[in-house]
Every structure is written in C-alpha cells, then in structure tokens.
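# sequence plus the predicted model coming up.
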Amino acid sequence: MISRFANPQRFLSLTDWLLPLLSVLAVLVSAIGVVWSLGFAPADYQQGETARIMYIHVPSAWIAVGAYSGMAIGSLSYLVWGHTLGDIAAKAIAPIGAAFTALCLATGSIWGRPTWGTWWEWDGRLTSVLVLFFLYLGYMALRNALEDPGQDISKAAKAAAILCLVGTINIPIIRFSVEWWNTLHQKASIIRAGGPSLDPSLLHPLLVMGLAYLLIFTALSLAAIRAELWARSADTLAARIQA
C-alpha cells in the first residue's frame, strides 16, 4: 500500500482531484467552525471570553505535533524503503508545521498573559513545544545548508531524515509533560481516561475547528508536495538538457 502511493506520478494523479476537494472542504468547515466558536459557543465559566482563543490555539497544537509525526513517517519511509516521495513530503511539510507551531506558541502566550499573569513560563509543555519549533527550524536549516542545486540531494535528505527521527523523542515529552511535571499548563482535557472533560457546548465547536485545521494543513501539504515534485522534475530535465 505504501509503495503504491509512494509513486510520484500516481500521487500527482490522485491529488489532481483530491486537492481541489480538500480546499473547498477546508473553506466550508473553517467558516462553520469560526461562526460556531465565536458566535454561538458560550464563554468559559471561569475565563470568560478570553478562553475563545483555544479554538485557534488547541487545533494549532494538534497540527504542530501531527505534522512532525508525518515528517517522521516520511523520513522513515525514505531511509528504510528508499521512497523519494517520503523525503519530498517531509521537506514540504516542515515549513507548514513550523508555521502552525509558531501559531501555537504565539496564541498560547497571548492566552497565558491574562490567565497566568505571564507571557511565558519555562514549564514542561511550553518548553517542549518550543523545542519542537526549533526542531522544525533545524531540519529546514540542515537541508538548506547541505542541498546543492543541480547536485545529488541524497546527502541532505538522509541527514535531515536522521535529524527528524531523532527529534521524535520530543513528541511523547510534549504529550505527557503535563502528567510528568507540575506545570501551569492544564492537564489533558480531551484525550484522557474517562473521556473529555470539556462541556459539549465547548467541545463540539473545538472539534470542528480541529477538523478545519486538519483540512487546511492537508491541502497546504499536498500543494507543497506537488510543487516540490514539479521542481525536481524541472531540475532533472534541465540537467539532462545541459548534459
């Protein structure tokens, strides 16, 4: 199954119709989520209107972690099975995941100021997400430093893939940091034993926003992968012409 969809031409054919569909769905679901979360969802009984920032912050945190996990899968498929599309996907996802991570950090800081009385605190969850952001930046910087236009990119691809896989150790730290250490950040309120602790009037619009973010991320990633595939095809054609 992996090998089937790892074929670049098959991927391009699939995304010819899938990308426009996902883009339309992303716009529609985002519109529903924004109207629901800002216009109809009640204010939090403790934090009031300030808590509405969670409809931006929480989904961006989900995507930040999920995007890096996707990069790790792509990197693993490249190192183990030699799937070039896995490397292309990891490279394409990196800046998108970094953007969502930056959004998560920024909105978390804005939310933390009235809630905790500080813009930043070096606790487990905040610090581990900041490390995730640096991992994204490090991955992109390493590729840019090693890639030589017109030359074999396997050296850069392998080095970046190894860095990405080493960085996956940070994923469980992000997930369980609020359980392992005493932090200002609240404990898990959705994926937890006993089910979500959020009231359905807050949970349901949050899940819709999460779906909207997932659709946006997927559409952006597919578009970026397609662009990278075409760029590499153009480079290969140019090299053949010069030869």
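Happy to help now that I have it. Numbers count the residues shown, from 1 in each chain.

# in the chain, where is pLDDT below threshold?
Flagging of the chain using pLDDT under 70 yields the residue ranges 1-6, 149-152, 193, 238-240, 243.

# and the helices in it?
Assigned helices in the chain, in chain order: 2-5, 8-35, 54-81, 84-116, 124-146, 154-167, 170-180, 200-242 (criterion: DSSP state H).

# quick one: these as CSV, columns for mean neighbour count and distance to G48 too.
All C-beta atoms are positioned from the backbone trio N, CA, C, and that covers glycine. Conversion of the helices of the chain to CSV gives the following (neighbours: other Cβ atoms under 10 Å; distance: least, Cβ to Cβ, whole Å):
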stretch, mean neighbour count, distance to G48
helix 2-5, 10, 46
helix 8-35, 15, 19
helix 54-81, 21, 12
helix 84-116, 20, 9
helix 124-146, 18, 23
helix 154-167, 18, 37
helix 170-180, 16, 23
helix 200-242, 16, 13
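
# okay if I get those as JSON lines plus distance to I190?
JSON lines is the format used below for the helices of the chain (distance: least, Cβ to Cβ, whole Å):
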{"stretch": "helix 2-5", "distance to I190": "30"}
{"stretch": "helix 8-35", "distance to I190": "16"}
{"stretch": "helix 54-81", "distance to I190": "8"}
{"stretch": "helix 84-116", "distance to I190": "15"}
{"stretch": "helix 124-146", "distance to I190": "14"}
{"stretch": "helix 154-167", "distance to I190": "24"}
{"stretch": "helix 170-180", "distance to I190": "12"}
{"stretch": "helix 200-242", "distance to I190": "7"}
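
# for the spatially most central residue of the chain, give me its contacts.
With distances taken as Cα atoms, centre = their mean, A67 lies nearest the centre of the chain, 3.0 Å away. Going by Cβ atoms under 8 Å, 6 or more residues apart in numbering, A67 touches 93, 96-97, 100-101, 217, 221.

# which of the residues you listed lies closest to A156?
Each of the contacts of A67 was scored against A156 by Cβ to Cβ, and I93 proved nearest at 15.9 Å.
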